[in-house]
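S.K.: kindly generate the corresponding structure for this input.
(chains A and B)
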There are 2 protein chains.
Amino acid sequence: MAEQIRIAIAGHGNLGRGVEASVAKNPDMRLVGIYTRRSPDQLTPRDSATPVYAMTELVNHTDDIDVLILCGGSKEDLPRQGPELAALFNTVDSFDTHARIPEYFDSVDAPARANKRTALISAGWDPGMFSINRIIGEALLPDGATYTFWGDGLSQGHSDAVRRIPGVAGAVQYTRPIKEAVDRVRNSERPTLTTREKHRRECFVVLEEGANAEAIRQAIVTMPHYFDEYDTTVNFISAEELARDHHAMVHGGFVIRSGNTSPETPQVIEYGLKLNSNPEFTASVLVAYARAVHRLNAMGQHGAITVFDVAPGLLSPKSAEELRREQL
Amino acid sequence: MAEQIRIAIAGHGNLGRGVEASVAKNPDMRLVGIYTRRSPDQLTPRDSATPVYAMTELVNHTDDIDVLILCGGSKEDLPRQGPELAALFNTVDSFDTHARIPEYFDSVDAPARANKRTALISAGWDPGMFSINRIIGEALLPDGATYTFWGDGLSQGHSDAVRRIPGVAGAVQYTRPIKEAVDRVRNSERPTLTTREKHRRECFVVLEEGANAEAIRQAIVTMPHYFDEYDTTVNFISAEELARDHHAMVHGGFVIRSGNTSPETPQVIEYGLKLNSNPEFTASVLVAYARAVHRLNAMGQHGAITVFDVAPGLLSPKSAEELRREQL
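M.R.: This is a model prediction of the structure:
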């Protein structure tokens, strides 16, 4: 076997743990280190043989890592870490603040280019696999409409918003696509759908002792941006039920492109994900793109790139010749 | 607007007619000619302004065509045309004899490379979009299984096989995925499925006067390779019913990758197509890849390539910057 790709992880939350699991499934890679801002001895890696270092050690390990996977958050961590670390390493991240992607791209591109590094930003499933399917769908069926549905899925941001309401002891929120809307799209109707017609929201809430359930229900369903444009169901449950039934970070959704190739000929393309762990799947995407980044860097493609710039064959451990022979 | 990409068509069957329709949907392209082995004046293009030439004229038009889309068949036409025309033009084709792809690739690669041309082979949906989804699915979920289901779809090859039986005046054959198998795969069961468990076949047959229906039914269901490994239903209908209800070249199917990212965590990726015209959709894929071929040739990537070698962004008429801003 060729030499293994040396992967390291910066940041060890759910996403970082997912990358650990994913690298273990890819024999052409090995995990050479986890870098954390916490004290390294407080972190228990999935495989006890994996070295754990303080984040400040990264600068001393630039020759030991082929691709560094940045597992920090898009709000606080990546805007600072991305540009800094792209000067030192080939990187992959999951920056997902859609509106700030152009700005983030530029901030990573300059240091990566100056230091002959390759930095792939905004990988994952949305942005990521869903984005790819949106642009391919449009390219194949230019006369048509694209629909993205999310769920059934647990939304971290919406769950947090509910938890911040006084009187709420615990909560999760699920986004659910509305079946009638999905069916119409699948049937080539190409409807115009409002926010309320595409998704509904469902909350499971644990009340603090003495809290007013109806007041909390009202606070949730009228919350601007988060809930007011949707039909929202609020269910009150016990702390035990919350812990037992709602710990899985399920998510998914689908991208549908519906278009006509001639006046009488509708065609439908659908890409869907059914995920039992959102962070583990996102991590698997980052790891596959780490393989591509390693190859692209060796081919001399430097600077920032996105999933749009990566040919599918580069994601596979197989050679181009094997892929043509076995999988085309 | 930038200069339009000049597309030409070699071969004017169902696929060539689909390319005509597709180019008309893409404002960054224009159709500069249809080349035929028939007499040019016998061919009526979709748009009467499109010039029609004899195939022998192609050699005189090498400076007038940016990408030539080869719309001939994989059995007789492409093995000869592909290498010849890749010496003169950038080309895209839909060569779909899976087992002979490596050999065909090499036969096209040498002349294309020698003449600084770019030749993309085996585009379409299978091989093509399905192949891409198979390799990406495996790269994202290396610990898992891939399933391809076809249909509901009209199979040209199987329809022809039925038509060759003496006593058959007309026939179509549909391939249908078996719902129970699909449901098990979608539910992460990862079953081992026999040929018979994955698809069934359904034929609609018009008998010649005096033909023995039961003998023909037997001849169909026991036909080696085509039908004997499947459960096949044979329906006898009138010539009028055949013409009225079975003229559409519907097809489609789905590729499902089911895999685990950790012991307790199954994940499912599904890509599906529901096509009301198989040739028009295939043509749309060829046209989108013609855009990519035009760009790759300008970037100096010469020789034969496949869909595995093309980054998704190259399929879109939008610039990389627009794609990042609007669609990531």
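S.K.: and A:Tyr174, what element?
M.R.: Secondary-structure assignment from DSSP states H and E places A:Tyr174 in strand A:168-177.
S.K.: show me where chain A has its helices.
M.R.: Taking DSSP state H to define them, one finds helices in chain A at A:14-24, A:78-86, A:101-114, A:129-140, A:156-163, A:179-186, A:195-198, A:213-221, A:239-245, A:278-298, A:320-327.
S.K.: any stretches of chain A with poor pLDDT?
M.R.: Residues of chain A that meet the criterion pLDDT under 70 lie in A:1-2.
S.K.: let me see the contact set for the residue positioned nearest the centre of it.
M.R.: The C-alpha lying nearest the average C-alpha coordinate of chain A belongs to A:Gly124 (Cα atoms, centre = their mean; 3.6 Å). A:Gly124 makes contact with A:Ser94, A:Asp96, A:Thr282, A:Val285, A:Leu286 under the criterion Cβ atoms under 8 Å, 6 or more residues apart in numbering or on different chains. Every C-beta, even on glycine, is put in place using the N, C-alpha and C of the backbone.
S.K.: check A:Asp93 too.
M.R.: Applying Cβ under 8 Å, 6+ apart, the residues near A:Asp93 are A:Ile69, A:Leu70, A:Gly72, A:Leu78, A:Gly82, A:Ala119, A:Leu120, A:Ile121, A:Ser122, A:Ala123, A:Leu286.
S.K.: now A:Asp77: closest residue in space, sequence neighbours ignored.
M.R.: When the adjacent residues along the chain are set aside, A:Asp77 lies closest to A:Gly11, with 6.5 Å between them (Cβ to Cβ, 6 or more residues apart in numbering or on different chains).
S.K.: just checking, A:Arg117 touches A:Ala87?
M.R.: Yes. With the criterion set as Cβ atoms under 8 Å, A:Arg117 and A:Ala87 qualify as a contacting pair; they are 6.9 Å apart.
S.K.: re earlier: nearest to chain B among the contacts of A:Asp93?
M.R.: A:Ser122 (5.5 Å; Cβ to the nearest Cβ).
S.K.: partners of A:Phe149 in the sheet?
M.R.: A:Phe254 (DSSP bridges).
S.K.: to clarify, my last question referred to A:Leu31.
M.R.: Under DSSP bridges, the beta-bridge partners of A:Leu31 are A:Ile7.
S.K.: so what's it up against?
M.R.: The contact partners of A:Leu31, taken as Cβ under 8 Å, 6+ apart, are A:Ile7, A:Ala8, A:Ile9, A:Val19, A:Glu20, A:Val23, A:Ala24, A:Asp47, A:Thr50.
S.K.: B:Gly167: which of those is nearest?
M.R.: A:Ala24 (60.6 Å; Cβ to Cβ).
S.K.: ok, the residue of the stretch 1-150 of chain A found nearest chain B - how many residues close by?
M.R.: Across the stretch 1-150 of chain A, no residue is closer to chain B than A:Ala139, which sits at 4.0 Å (Cβ to the nearest Cβ). With neighbours defined by other Cβ atoms under 10 Å in any protein chain shown, the count for A:Ala139 comes to 24.
S.K.: with A:Ala243 instead?
M.R.: Residues within reach of A:Ala243, counting by other Cβ under 10 Å, total 12.
S.K.: that older thread, so who does the residue nearest to A:Asp77 touch?
M.R.: Listed by Cβ under 8 Å, 6+ apart, the contact set of A:Gly11 reads A:Tyr35, A:Thr36, A:Arg37, A:Leu70, A:Cys71, A:Gly72, A:Asp77.
S.K.: show me what the fourth one is bridged to.
M.R.: It refers to A:Leu70. Beta-bridge pairing of A:Leu70 under DSSP bridges involves A:Ala10.
S.K.: before we move on, what about the first one?
M.R.: Per DSSP bridges, the residues bridged to A:Tyr35 are A:Ala10, A:Tyr53.
S.K.: circling back to that earlier point, which among the contacts of A:Gly11 count as buried?
M.R.: The neighbour-count test (16 or more other Cβ atoms under 10 Å in any protein chain shown) marks A:Tyr35, A:Thr36, A:Leu70, A:Cys71, A:Gly72, A:Asp77 as buried among those.
S.K.: now, among those, which is nearest to A:Arg184?
M.R.: Set against A:Arg184, the nearest of the buried ones among the contacts of A:Gly11 by Cβ to Cβ is A:Cys71 (38.5 Å).
S.K.: from B:Thr261, how far off is that closest one?
M.R.: Distance of A:Cys71 to B:Thr261, given as Cβ to Cβ, to the nearest Å: 15 Å.
S.K.: let me see the domain layout of chain A.
M.R.: Recorded structural domains for chain A (assignment: the TED database) are A:5-126+A:279-327, A:153-249.
S.K.: which one of these is the most hemmed in?
M.R.: Burial of the domains of chain A is given as mean neighbour count (mean count of other Cβ atoms under 10 Å in any protein chain shown); domain A:5-126+A:279-327 ranks first at a mean of 20.
S.K.: just the endpoints, please. Distance across that domain?
M.R.: The stretch domain A:5-126+A:279-327 measures 23 Å between its terminal residues, going by Cα to Cα, to the nearest Å.
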